[in-house]
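>>> sequence plus the predicted model coming up.
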Amino acid sequence: MAGNGSITAKKRRFVAAVLASPTIVKAAEVAGVSETTAWRYLADSTVRRELAERQGAMLAQASAGIAADMALARAVLRMVMADNGAPATARVSAARAILDCGLRFFEVVTLSDRVTALEDRMGVSDG
């Protein structure tokens, strides 16, 4: 067993399989371990930490792509909204979509700020 919080190659292979597989059973099969071993690996703090780090990296990458897509979608909506030659229904739909998204974004930011303020008052930290 690896020490100092490091992860073995076999466990690393299992983590990769978990990230790419629809079920733990399938991940165990792909990684070449038994289902029992898979569940034991998932109870291991080093495996959970590695899995969380890699999932976080995947989520960050996906989020960056979504943000880029959102910017493009916003640009398209703005073009439709500003196009005097477009049907009025399309212009109104584009304007409504922009307003709806803007309001939702404002709500999320406001809620996030409020939660952060409450956590600060309660002494809650991220770590």
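Happy to help now that I have it.
>>> now do the phi/psi pair for the residue lying farthest from the centre of the chain.
Relative to the centre of the chain, the most outlying C-alpha is that of residue 85, 38.7 Å out, by Cα atoms, centre = their mean. Backbone geometry at residue 85, expressed as degrees, to the nearest 10, gives phi -90, psi -10.
>>> contacting residues around it?
By Cβ atoms under 8 Å, 6 or more residues apart in numbering, residue 85 lies in contact with nothing. C-betas here are computed from N, CA, C, even on glycine.
>>> do a quick rundown of the helices in this protein.
Ranges of helices in the chain, per DSSP state H, are 9-20, 24-31, 35-43, 45-82, 88-122.
>>> using TSV, lay out those helices together with mean neighbour count and mean pLDDT.
Shown next, in TSV, are these (neighbours: other Cβ atoms under 10 Å; pLDDT from 0 to 100):
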stretch	mean neighbour count	mean pLDDT
helix 9-20	18	96
helix 24-31	18	96
helix 35-43	15	96
helix 45-82	13	93
helix 88-122	11	93
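>>> can you tell me the centre-most residue of this structure?
Short answer for the chain (Cα atoms, centre = their mean): residue 59, at 3.5 Å.
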